[in-house]
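A.B. asks: Have a look at this prediction, sequence included:
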Protein chains: 2
Amino acid sequence: MSFRFGILCFPGVQQLDLTGPYEVFASARDAQVHLVWKTTDPVRSSTGLWLKPDVTFADAPNFDLICVPGGGGVNPLLTDEETLDFVRSQAKTARFVTSVCTGSLVLGKAGLLTGKRAATHWNAMDLLERFEAIPVAERVVRDDNLITAGGVTSGIDFGLSVIAELMGQDEAETIQLSLEYAPAPPFDSGLPDRARPEILAAARQRMAPSREEREALLPPIRQLSRA
Amino acid sequence: MSFRFGILCFPGVQQLDLTGPYEVFASARDAQVHLVWKTTDPVRSSTGLWLKPDVTFADAPNFDLICVPGGGGVNPLLTDEETLDFVRSQAKTARFVTSVCTGSLVLGKAGLLTGKRAATHWNAMDLLERFEAIPVAERVVRDDNLITAGGVTSGIDFGLSVIAELMGQDEAETIQLSLEYAPAPPFDSGLPDRARPEILAAARQRMAPSREEREALLPPIRQLSRA
């Protein structure tokens, strides 16, 4: 019987958060990958690519794995009870509850990160504390059946880790080889502690509007955690 | 004035060949990224994800960069004169002619690789000789205004290299940081000389049907190159 992956596909999703793990999951033997949303109308990603959900919340099966990607479109989800209810409901039966990038904030708002070790995009790491999660600056973080990934491209590393867990390391390595995943970034600026200060400042500036909006939507920092 | 990227978006494209560079290009300042095909009807990628071309061959502007991604859907393109003509026509005016993965075979069939250094997916590297190209087993290969990438995930490295070339290294590094591109593959099997023999055999076996079909569509190996 095939393993059913459900990836939340919402307006303003960062498409590479979704398409990276999608390609890894869909390359596995006996895998079904679904994009799930309120309707099956096409949704526009944060950089303009159109994506097509193939199953609605109402018609979705109980997925074996539920994954919430990130992106600017995460912000409206933080106060969207219909979506938060769907994620909570899937989390009850899924074998793995997962996220990529700022998708972890949706898991947090759904109450699924309390006391858990979790990752997110480097520019949102401190926000995990708003949900009483334990921020971990790693690319893929597992805590029991919760698997969260860092920013955007970490979704590929995450996908391979998940496949290894579910189907064994041989399957993950075969997919890695077929996707020629032997990355060789031309520069070494993929993390804040590696990037030059002016690059870090530029990246923060570009993300500032979305982050400010997001901060206002999140629960305040608990007094306790400041003590 | 913004830089116009045109990415060929055909049925059976390997979506990560396309979505990786797309996200890098579209994250740049002053960039317009278009998916171009014969019609703007949605096309289904090799692993099932639907993509939506936004401009037709007939309506396409002269792109500053034309990119042909790969995937199983490359095979029909090798005998598709309408597509080959479109690629040739764009190549005449584009500042850069590019491909990811087996997209290079389409460039080859269009006559654009003769005598040029080029990359492709590791499992298609020998096929480049059918076009009198010089195969180079690197992740991103530049020969004059031709930039070709290796398999699938190399499209991200390729995208950053292109942005650095067009807009400077600072812009590329800022995008790398925003996409948190500090890859950490959980295994080291992304290339044939790194994978275990049984993994290599399994990957070759999965790709064999598409490769056999492809070989039959390509020009024969020249007698000269065997001498």
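C.D. replies: Looks like it came in fine.
A.B. asks: gap between the spatially most central residue of chain A and A:R139?
C.D. replies: A centroid search over chain A (C-alpha atoms, centre = their mean) returns A:V100, at 1.9 Å, as the residue closest to the centre. In this structure, A:V100 and A:R139 are 11 Å apart, going by C-beta to C-beta, to the nearest Å. Every C-beta, even on glycine, is put in place using the N, C-alpha and C of the backbone.
A.B. asks: And A:R206, by the same measure?
C.D. replies: 22 Å.
A.B. asks: Of those two, which one has the most company?
C.D. replies: Applying other C-beta atoms under 10 Å in any protein chain shown to A:R206 and A:R139 shows that A:R139 carries more neighbours, namely 23 against 16.
A.B. asks: thinking again about what came up before, mutual contacts of A:V100 and A:R139, please.
C.D. replies: Both A:V100 and A:R139 are in contact with A:149, A:154, A:158, where contact means C-beta atoms under 8 Å, 6 or more residues apart in numbering or on different chains.
A.B. asks: Is my assumption valid that the last one occupies a position in a strand?
C.D. replies: No. The secondary structure assignment for A:F158 gives helix rather than a strand, going by DSSP: H, G, I helix; E, B strand; the rest coil.
A.B. asks: Give me the neighbour count for the closest residue to it other than its chain neighbours.
C.D. replies: In space, not counting the residues next to it along the chain, A:F158 is nearest to A:A149; the distance is 3.7 Å by C-beta to C-beta, 6 or more residues apart in numbering or on different chains. Residues lying near A:A149 (other C-beta under 10 Å) number 35.
A.B. asks: cool, A:G168 as well?
C.D. replies: The number of residues packed around A:G168, counting by other C-beta under 10 Å, is 11.
A.B. asks: confidence score at it?
C.D. replies: At A:G168 the predicted local confidence, pLDDT, stands at 96.
A.B. asks: likewise A:R226?
C.D. replies: pLDDT recorded at A:R226 is 46.
A.B. asks: now A:R222
C.D. replies: Each residue has a pLDDT score; the one for A:R222 is 65.
A.B. asks: can you give me the helices for chain A?
C.D. replies: For chain A, the helices identified by DSSP state H occupy A:15-26, A:74-77, A:81-93, A:103-109, A:154-167, A:169-178, A:197-217, A:223-226, in order along the chain.
A.B. asks: Residue ranges in chain A under the pLDDT threshold?
C.D. replies: In the predicted model of chain A, residues A:1, A:222-227 satisfy pLDDT under 70.
A.B. asks: Identify the residues contacting A:N75.
C.D. replies: Taking C-beta under 8 Å, 6+ apart as the criterion, A:N75 is in contact with A:12, A:210, A:213-214, A:217.
A.B. asks: Just the buried ones from those?
C.D. replies: With neighbours counted using 16 or more other C-beta atoms under 10 Å in any protein chain shown, the contacts of A:N75 contain these buried positions: A:12, A:210, A:214.
A.B. asks: now the first one: how far from A:P69?
C.D. replies: Looking back up the chat, that one is A:G12. 11 Å.
A.B. asks: Likewise for the last one?
C.D. replies: According to C-beta to C-beta, A:R214 stands 15 Å off from A:P69.
A.B. asks: which ones are touching the residue nearest to A:F187 when sequence neighbours are not counted?
C.D. replies: By the measure of C-beta to C-beta, 6+ apart, the closest residue to A:F187 outside its immediate chain neighbours is B:E173, 5.1 Å from it. Each residue near B:E173 by C-beta under 8 Å, 6+ apart is listed here: A:187, A:189, A:195-196, A:199.
A.B. asks: Neighbour-wise, give me the winner out of those.
C.D. replies: Among the contacts of B:E173, A:S189 has more neighbours than the rest - 25 neighbours, counting by other C-beta under 10 Å.
A.B. asks: okay, now A:I175: neighbour count?
C.D. replies: Other residues near A:I175 come to 28 when the count uses other C-beta under 10 Å.
A.B. asks: One more: A:I134?
C.D. replies: As a measure of burial, A:I134 has 14 neighbours, counting by other C-beta under 10 Å.
A.B. asks: which ones are touching it?
C.D. replies: With contacts taken as C-beta under 8 Å, 6+ apart, A:I134 has the following neighbours: A:115-118, A:128.
A.B. asks: residues contacting the spatially closest residue to A:Q15 that is not a sequence neighbour?
C.D. replies: With C-beta to C-beta, 6+ apart as the measure, A:S45 is the residue that lies nearest to A:Q15, at 3.8 Å, once sequence neighbours are left out. The neighbourhood of A:S45, defined by C-beta under 8 Å, 6+ apart, consists of A:12-15, A:18, A:51, A:71, A:73.
A.B. asks: 7 Å instead, please
C.D. replies: Applying C-beta atoms under 7 Å, 6 or more residues apart in numbering or on different chains to A:S45 gives the contacts A:13-15, A:51.
A.B. asks: out of those residues, who's nearest chain B?
C.D. replies: Minimum separation from chain B among those (C-beta to the nearest C-beta) is found for A:Q15, which lies at 5.9 Å.
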